[in-house]
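1. have a look at this fold, sequence not included:
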């Protein structure tokens, strides 16, 4: 009996020397994204439920998040947690809420395919390569900065947060080389669908304007990414609501914070027509004294055309807002543009 107990104790000591994760079921490593499979997926600051939640991304099944180079970690309890790259940091997701994403590319144009995670591929003989030899043959239509900024926008409780409850509350217009892409974007900014090539200015107006009457349609808009991108909240506003929204975001801490997070001016307004953009600026000035609008050269009432911002192309005509200190001093409000029309790299139809 004593010998039996000795054997049991020895076995227990040996087990105690073996790391817990030696018995964990390690996932089969494949791919550079994970795909959410649960309605209750939560990102955390560490590999365990005792760690705090990361700002809500409103994740839903089908959303795709980029993995770190380590891919996963196994905590002291033997549980596997995916390591996700988010806002220049590594955060964690319990493995039961996701699987490794398998890219399934859909043809958008000759030699150009897109996956729902936002990844794209361009073949060497594609017309896109002929229009822009410098465009990458593979990349993503979404950015980590965009995902992070959208999460912060939702958490900031801005006046448009109520419009972000739909599964795909955004539409995006993205320039890839000389080609423009239109698509619907999920709440977290990490899944796309209905990806379509835009051929003319009329296409842009029909695709975006069909969400509402384009004559009165104003949308909260965000610009981001090395591929020039305009992201619009599908739920449009009339002139009064758009003016109220602009009033709340001008000089707001949330706006400055989100713009800094995205490394680019984020919170803008967009409308199809130049006259309506000017009308919005005029209405804003009527309700907020001490402001005016114009181009970057401070020419009042003039619009900016094809302006380069820190090596990025905005690609949309737009107005700047200025604070008027005195008749001879105008200070540009850095983080807001009033965008209008369609991208400048498209030729208008006859």
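-> Great, that's in hand. Just so it is clear, the structure is predicted and the values come from calculations on it, not from any experiment.
2. looking at this protein, which helix or strand does the model trust least?
-> Scoring the helices and strands of the chain by mean pLDDT, DSSP states H and E places helix 2-17 at the bottom, with a mean of 36.
3. direction included, what does the helix or strand following that one pair against?
-> Under the assignment DSSP states H and E, the closest C-terminal helix or strand after helix 2-17 is strand 33-36. Using DSSP bridges, strand 33-36 pairs in its sheet with strand 64-74 (antiparallel), strand 98-100 (antiparallel).
4. residues in contact with strand 33-36?
-> For strand 33-36, the surrounding residues in contact (C-beta atoms under 8 Å, 6 or more residues apart in numbering) are 59-67, 82, 84, 93, 97-102, 117, 119. Where you see a C-beta, it was placed from the backbone N, CA and C, and this is true even at glycine.
5. for the stretch 51-200 of the chain, give me the ranges with low pLDDT.
-> 55-56, 130-135, 143-164, 178 (pLDDT under 70).
6. where along it do the strands fall?
-> Ranges of strands in the stretch 51-200 of the chain, per DSSP state E, counting those that start in this stretch, are 64-74, 80-86, 89-94, 98-100, 106-109, 112-114, 119-122, 138-140, 170-176, 179-185, 192-198.
7. list the buried residues of the first one.
-> Counting neighbours by 16 or more other C-beta atoms under 10 Å, one finds that the buried residues in strand 64-74 are 64-68, 71-74.
8. helix or strand: which one has the residue nearest to residue 233 when sequence neighbours are not counted?
-> Excluding the flanking residues, the one nearest residue 233 by C-beta to C-beta, 6 or more residues apart in numbering is residue 220, at 4.4 Å. Secondary structure from DSSP H and E places residue 220 in strand 219-224.
9. that strand pairs with which strands, and in what direction?
-> Applying DSSP bridges to the sheet, strand 219-224 is found paired with strand 229-233 (antiparallel), strand 268-271 (antiparallel).
10. picking that back up, ok, which of the strands of the stretch 51-200 of the chain comes nearest residue 341?
-> For the strands of the stretch 51-200 of the chain, proximity to residue 341 was assessed by C-beta to C-beta; strand 170-176 is nearest, at 11.3 Å.
11. rewinding a little: make TSV from the strands of the stretch 51-200 of the chain and add distance to residue 304 to it.
-> Formatted as TSV, those follow (distance: least, C-beta to C-beta, whole Å):
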stretch	distance to residue 304
strand 64-74	33
strand 80-86	33
strand 89-94	34
strand 98-100	42
strand 106-109	30
strand 112-114	30
strand 119-122	29
strand 138-140	27
strand 170-176	17
strand 179-185	19
strand 192-198	22
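12. quick one: residue 247 and residue 285, what's the gap?
-> 11 Å (C-beta to C-beta, to the nearest Å).
13. what does residue 300 give?
-> Counting by C-beta to C-beta - residue 300 and residue 285 are separated by 11 Å.
14. the more surrounded of these two?
-> Per other C-beta atoms under 10 Å, whichever of residue 300 and residue 285 has more neighbours is residue 285, with 16 against 11.
15. circling back: the residue nearest to residue 233 contacts residue 232, doesn't it?
-> Yes: judged on C-beta atoms under 8 Å, residue 220 makes contact with residue 232 at a distance of 7.2 Å.
16. quick check, residue 203 in a strand?
-> No: checked against DSSP: H, G, I helix; E, B strand; the rest coil, residue 203 lies outside a strand; its state is helix.
17. residues contacting the closest residue to it other than its chain neighbours?
-> Leaving aside its sequence neighbours, residue 203 sits nearest to residue 182 (C-beta to C-beta, 6+ apart; 7.4 Å). Residues near residue 182 by C-beta under 8 Å, 6+ apart: 171-173, 194-198, 203-204, 207-208.
18. that older thread, mean neighbour count and mean pLDDT added to the strands paired with strand 219-224, as CSV?
-> Output for those, formatted as CSV (neighbours: other C-beta atoms under 10 Å; pLDDT from 0 to 100):
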stretch, mean neighbour count, mean pLDDT
strand 229-233, 24, 77
strand 268-271, 27, 85
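19. domains for the protein, by residue range?
-> Domains of the chain are assigned by automatic domain parsing as 20-100, 106-340.
20. what's the most buried one of these?
-> When you average the neighbours per residue for each of those (mean count of other C-beta atoms under 10 Å), domain 106-340 leads with a mean of 18.
21. report the secondary structure state of residue 324.
-> Going by three-state DSSP: residue 324 is strand.
22. okay, and residue 280 sits in which element?
-> Using DSSP H and E, residue 280 maps to helix 274-287.
23. residue 89: which of the contacts of residue 182 is nearest?
-> Using C-beta to C-beta, the shortest approach to residue 89 within the contacts of residue 182 belongs to residue 172, at 24.5 Å.
24. partner residues bridging that closest one?
-> Bridge pairing for residue 172 - DSSP bridges - gives residue 183, residue 231.
25. any idea how far it lies from residue 34?
-> Noted for residue 172: a distance of 22 Å to residue 34, by C-beta to C-beta.
26. please apply the same query to residue 118.
-> Distance, residue 118 to residue 34, by C-beta to C-beta: 14 Å.
27. now do the shared contacts for these two.
-> Shared contacts of residue 118 and residue 34, defined by C-beta under 8 Å, 6+ apart, comprise residue 64.
28. wait, doesn't residue 184 sit right on residue 207?
-> No: at 10.1 Å, residue 184 does not count as touching residue 207 under the criterion of C-beta under 8 Å.
29. mind listing the shared neighbours of these two?
-> residue 171.
30. thanks again, I'm all set now.
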